[in-house]
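1. Sequence plus predicted model, see below.
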Amino acid sequence: MSEPRLEVDLEAFRHNVRLLSELVAPARTMLAVKANAYGHGLVPLAKAALESGADSLAVLEVPAALAVRRAGITAQVFAWLHGPETDFVSAIEFDVDLGVSALWQLELIVAAPKGKPARIHLKVDTGLHRNGASPAEWPALVSAAVAAEHEGSVVVEALWSHLADASPEDDAEALARFHEAVAVAAALGCRPPLLHLAASSAGIREPEARLGLVRFGIAAYGISPFDDQSGARLGLRPVMAMRAPVSSLLDGVATVGLGSADGIQVPAIGKAQVAIRGRRYPILALDVDTLTVDVAHSNIAVGDDVTIFGPGDAGEATAEEWAAWGETIGDEIVARASERLPRVYLG
């Protein structure tokens, strides 16, 4: 009997990275492997991305970037979410590019003991309000970065921002704000070689937002960033499948050793179905460690593999379907997958 597991199809992931990289060329591709590569596994997915056309990697925090470096990966790695205790010394030592959203971050980076300049990407807020310097704060941040660059403390590699991806109109307005911020920076003597703004959504649908680099995230994992179009319609292949065997069977009710602690969405119960032997069956109940399935009037047996979600080519639900059942987004379905489930890498 097999064990509960996550199957990660590296060839599907490579296909997605190749497809997306070709779509946005000549813009470069930065592949987001944040949140343990959306639950798929940081190092294996980082290596597969670079093998398949990605030029660089993006994480959130410096510790994840250092984990990439410890794995022997030498490609550009970008980390942008920092706190006052962030280890900028190690980040600079191991050639991690650093997003800088505020003057206090720049001051900590400049003050960090180092034998070489830090590579930084200055971020302006264009409307998402997640982080980044406001238009009022932007000139001071840029001026301080220019001064630090003249002193040899930093090298400004890029100007960047995030889009809210709320609508094409909102994105167009944010793009205009970004170009205004770039013009302000240029007037202050800051003209770095790279600009980046678009992630999966704008990278696919808005060529004008691609600029020099696109940061692809969830699309590379086979999940559409859009409400009105599936990943399959975009030519993407789902990368993750969650499976476990039937562990017991009694009076037409099968028990499976996966539960909410493994990342299964509680709000989806009542609508969600799993697949066994190519046929779907409704979930009856979910607890922390198990779920039960109505398999009455079937020939299901103990040990049969149960697919919670997968690529969809054998009748099973996809992560996108689970997202619809749970009234959330596909990112959450895969990123919630528990670390206690072993990852089995295929392809």
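-> Great, that's in hand.

2. what pLDDT, on average, does the helix or strand residue 281 falls within get?
-> Element membership for residue 281 (DSSP states H and E) is strand 279-286. Averaging pLDDT along strand 279-286 gives 96.

3. Dump the C-alpha coordinates for whatever helix or strand comes next after it into CSV.
-> Using DSSP H and E, the helix or strand that directly follows strand 279-286 along the chain is strand 291-294. Provided in CSV are the C-alpha atoms of strand 291-294 (Å, rounded to 0.1, in the frame of the first residue of the first chain):
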residue,chain,number,x,y,z
LEU,A,291,-11.1,12.3,5.6
THR,A,292,-14.0,9.9,4.8
VAL,A,293,-15.4,9.3,1.4
ASP,A,294,-18.8,7.8,0.3
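
4. can you offset everything so residue one is 55?
-> That works, and once the first residue is 55, the last one we named lands at strand 345-348.

5. list the buried ones in strand 345-348?
-> 345-347 (16 or more other C-beta atoms under 10 Å). To be clear about C-beta, it is placed using only N, CA and C from the backbone, and glycine gets the same treatment.

6. max-length strand in this structure?
-> Counting residues, the longest strand found in the chain (DSSP state E) is strand 294-304.

7. Could you list every helix and strand in contact with that strand?
-> For strand 294-304, the elements it packs on are strand 59-63, strand 307-310, strand 359-363, judged by 3 or more C-beta pairs under 8 Å, 6 or more residues apart in numbering; DSSP states H and E.

8. Can you name every helix or strand that the shortest one contacts?
-> For strand 307-310, the helices and strands in contact under the criterion 3+ C-beta pairs under 8 Å, 6+ apart are strand 294-304, strand 345-348.

9. Starting from that strand, tell me which strands it pairs with and how they run.
-> Its sheet considered, strand 307-310 pairs with strand 294-304 (antiparallel), strand 345-348 (antiparallel) by DSSP bridges.

10. so which of the helices and strands packed on strand 294-304 gets nearest residue 86?
-> Closest approach to residue 86 among the helices and strands packed on strand 294-304 is made by strand 59-63 (16.0 Å; C-beta to C-beta).

11. Specify the angle between the closest one and strand 359-363 in degrees.
-> 60 degrees (axes from the mean of the first three to the mean of the last three C-alpha atoms, to 10 degrees).

12. Let me know the average pLDDT across strand 59-63.
-> Averaging pLDDT along strand 59-63 gives 98.

13. In that strand, which of the residues would be classed as buried?
-> 59-63.

14. partners of that strand in the sheet?
-> strand 294-304 (antiparallel), strand 397-400 (parallel).

15. Tabulate the CA atom coordinates of the very next helix or strand once past that strand in CSV.
-> Downstream of strand 59-63, the first helix or strand assigned by DSSP H and E is helix 64-78. Extracted C-alpha coordinates of helix 64-78, given in CSV (Å, rounded to 0.1, in the frame of the first residue of the first chain):
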residue,chain,number,x,y,z
LEU,A,64,9.2,18.3,-12.7
GLU,A,65,8.7,17.8,-16.4
ALA,A,66,5.3,19.6,-16.2
PHE,A,67,7.1,22.4,-14.4
ARG,A,68,9.9,22.6,-16.9
HIS,A,69,7.3,22.8,-19.7
ASN,A,70,5.6,25.7,-18.0
VAL,A,71,8.8,27.6,-17.4
ARG,A,72,9.8,27.1,-21.0
LEU,A,73,6.4,28.3,-22.3
LEU,A,74,6.4,31.4,-20.1
SER,A,75,10.0,32.3,-20.9
GLU,A,76,9.4,32.1,-24.6
LEU,A,77,6.2,34.1,-24.3
VAL,A,78,7.9,37.1,-22.7
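
16. Packing partners of helix 64-78?
-> Going by 3+ C-beta pairs under 8 Å, 6+ apart, helix 64-78 lies up against strand 82-86, helix 96-105, helix 254-259, strand 267-270, strand 397-400.

17. Specify the stretch among the ones you listed that is closest to residue 294.
-> strand 397-400 (8.9 Å).
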